[in-house]
Each structure stands twice: as C-alpha cells, then as structure tokens.
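Participant: The sequence and its predicted three-dimensional model are supplied below.
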2 protein chains.
Amino acid sequence: MNENFKIEKKLGITFKNPNLLGSALTHSSLRFENENLESNEILEFVGDSIMYFIITIHLYKKLGTNQNSGNFSIIRSNIISNQTFAKFAKKIELEKYIKVSKGQNKVGVTDAMLSNCFEALIGAIYIDSGITKVKTFFWKNYTNEIKNLVKKGPAKNIKMLENEEKQKSIQDQ
Amino acid sequence: MNENFKIEKKLGITFKNPNLLGSALTHSSLRFENENLESNEILEFVGDSIMYFIITIHLYKKLGTNQNSGNFSIIRSNIISNQTFAKFAKKIELEKYIKVSKGQNKVGVTDAMLSNCFEALIGAIYIDSGITKVKTFFWKNYTNEIKNLVKKGPAKNIKMLENEEKQKSIQDQ
C-alpha cells in the first residue's frame, strides 16, 4: 500500500490532485536536498487562514457578540496555536507521514513542524475540494477538542504569559 | 433619509438584519455612554478572519506555491494592515457613518478606528448574508487596490521596519 493511499484512508479523503497531499506533507527542510520539491509553506498559509476563519465564526456563534473581546481573543489564541494544532496532527498520526530531510530526521520532528503540517493539510483539502470538505473533515475529527477548549474559557497559555512578561521587562527598563 | 439607509445605498447592500450594520458602525467608546449598546469589537474579529481568508486564497492563486514564503507573508501583511483597511474605509466614506463617543469625537476618528470599522462591516455582511456577498462587495470596490498592492511586491511597510529595529535593539542590549 503506498504512503498516500494509507494516509488518504486514515483521513477518509481521496485527493483529486494527490500532489497537493504530497506537498502538504513535505517539510521545507527537504528543499535543501531537492530544490524542485514543493514544500508545504504556502499551503500552510492557506490552511492557517482557513482555520482562523472557521474558528472565529464558530466562536462568534457560540459566545455571541456581548462577549468581552479580550476573552474572545484569548480563547481563539488557545485554539489557533502550535500546541493545539500539534495535538490535532498527532490525532491523525501525521508524524508517521510527514517527510523531512535526513538531517532534520536525526534531530526529530518538532511540535511546530507537526502544527504547520496540519495547517498545510487543511490548505490542501481546501484547494483540492473547497470549504465544505474542510469543515466536514475538521468537525468530524475535532468537535470534542474544540468543545473542551471553549469550555475551558479564557485561560492564558504559556506563550501569552511569556509575552506579557517580556513586554513588562521592556517597559521596566 | 435615515443614516442606515444612506450607507446601505452607498454600499449597494440592504441588510436583512439592520442591527448588524448598526453594531458594525458603533465604536466601543460609545459603550461608556450606553452599556446596552453592542459595539463592533466582535464583528471586527469576524471580518478580520474573513479578510485574512479571502486575501490568502487570492494570493495563493496569483503568486502560486513556488513563491518565497517570506515574500508571500510581506505582501499579505501589506494588504491586511490598518493602513490599507483605513484607506478602504475612506473609499466608502465610513468616517461619515462611524458612531463614536462625544469624547472620542473631540479627539477625532483615527485610522485604526476606521480600519476596525471596515473589518466589522465585512463581518456584518458575512453574518447577514454569507461569504459570496462579502466577496462580491469586496472585489467590486477594491480590485484595483489589491492589484496594485500585489504588483508592488514584498516592500516592507513602516510597522515591519519599526519591529525589525525594535528586535535589533533588544538583541544588541
């Protein structure tokens, strides 16, 4: 069974253009070994913008317009984060399918790389089949995770606390 | 002629729910005068995510996947910026329709407020009538502006240069 077929089965999606799936799974480190390869960086931008859109609309519907905008923003940042997307990637075992350079393979696949790969996959599904397919795939796999993150409320994550600390130390100088 | 009717005529859009248009045009400063008012902050999040989505897909189609990701990101940041959105707001004369507190009115309506109001308007159109209506409105009004910003290429704007400068001065310390 070839690799593309295995992951398509895992995702429950058959790509019209399998090259898109190939690109989504190709980390930029591989470009150093083969310049002709198309890596997932631009698809990552596409997927990121789609996730931002889907999650914002979902929160608008769930939280309503009288929500404090700061809280809205924190809940959204907790969802649209490397940490959350890396978990989403692991749930569909992207670590098994991501292609990285030999050098990177020795160092290991990081959570940031998995998060980017997840976004690129969302981008690839959109380009291949449109927004409805993305939504079906996303909610089929991650409804519970989103429900829990919304329920958790505006808890600041480590990155936010670090940024606040940095900001404070600059102001104190 | 009431205010809502005037701006609907200007936009070429009749809102099914005119309260959405009212909220989009209401700056948060007015909440200090009337707590029951719904301001445009959450609609601004919605509109921002939609613009991010529309512009990213447009750039993907225009620039292709072999574009350097740094350049892609700079071009996108030049479009999705307070500076550009304030211009978009002025093109449809939002400064005539935005509602701010008396205090804020004395200080004046800033470009950032106009940019936020533009995003909130995009959000309101989406919630009222969906993505197709937003796209029709957006491309009817701003096709030339986007064409020029894409043509201009990855020129760094003032904010990016300032951020680089700040970053450098932190590293030099």
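Facilitator: Thanks, I have the structure now.
Participant: tell me which parts of chain A are close to chain B?
Facilitator: Within chain A, the positions adjacent to chain B are A:23, A:28, A:38, A:41-46, A:48-50, A:52-53, A:55-57, A:59-60, A:63-67, A:69, A:72-73, A:76, A:123, A:126-127, A:131, A:170 by CB under 8 Å from any CB of the partner chain. (Glycine included, C-beta is placed from N, CA and C.)
Participant: Filter those down to the buried ones and express that as a ChimeraX selection.
Facilitator: This is the ChimeraX syntax for the buried subset of the residues of chain A next to chain B, where burial follows 16 or more other CB atoms under 10 Å in any protein chain shown:
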select /A:23,28,38,41,42,43,44,45,46,48,49,50,52,53,55,56,57,59,60,63,65,67,72,73,76,123,126,127
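Participant: Quick check: nearest residue in space to residue A:55, chain neighbours excluded?
Facilitator: Of all residues not flanking residue A:55 in the chain, residue A:79 sits nearest, at 5.2 Å (CB to CB, 6 or more residues apart in numbering or on different chains).
Participant: ok, now how distant is that neighbour from residue A:72?
Facilitator: Distance of residue A:79 to residue A:72, given as CB to CB, to the nearest Å: 11 Å.
Participant: repeat for residue A:111
Facilitator: According to CB to CB, residue A:111 and residue A:72 sit 25 Å apart.
Participant: before we move on, the earlier item: among the residues of chain A next to chain B, name the ones in helices.
Facilitator: Of those, the ones assigned to helices by DSSP state H are A:23, A:41-46, A:48-50, A:52-53, A:55-57, A:59-60, A:63, A:69, A:72-73, A:76, A:123, A:126-127, A:131, A:170.
Participant: relative to helix B:158-172, how tilted is the helix or strand of chain A with the lowest mean pLDDT?
Facilitator: Within chain A, no helix or strand scores below helix A:158-172, which has a mean of 74 by mean pLDDT, DSSP states H and E. If you take axes from the mean of the first three to the mean of the last three CA atoms, to 10 degrees, helix A:158-172 sits at 80 degrees to helix B:158-172.
Participant: residues of helix A:158-172 that come out buried?
Facilitator: Within helix A:158-172, the residues that qualify as buried by neighbour count (16+ other CB under 10 Å) are residue A:160.
Participant: Just the CA trace of it, in CSV.
Facilitator: Extracted as CSV, the C-alpha positions of helix A:158-172 are listed here (Å, rounded to 0.1, in the frame of the first residue of the first chain):
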residue,chain,number,x,y,z
ILE,A,158,2.4,29.8,28.4
LYS,A,159,3.2,31.8,25.3
MET,A,160,0.8,34.6,26.3
LEU,A,161,2.2,34.8,29.8
GLU,A,162,5.8,34.8,28.4
ASN,A,163,4.9,37.7,26.0
GLU,A,164,3.3,39.7,28.9
GLU,A,165,6.5,39.1,31.0
LYS,A,166,8.7,40.2,28.0
GLN,A,167,6.5,43.3,27.5
LYS,A,168,6.7,44.1,31.2
SER,A,169,10.5,43.8,31.3
ILE,A,170,10.9,46.1,28.3
GLN,A,171,8.7,48.7,30.0
ASP,A,172,10.6,48.4,33.2
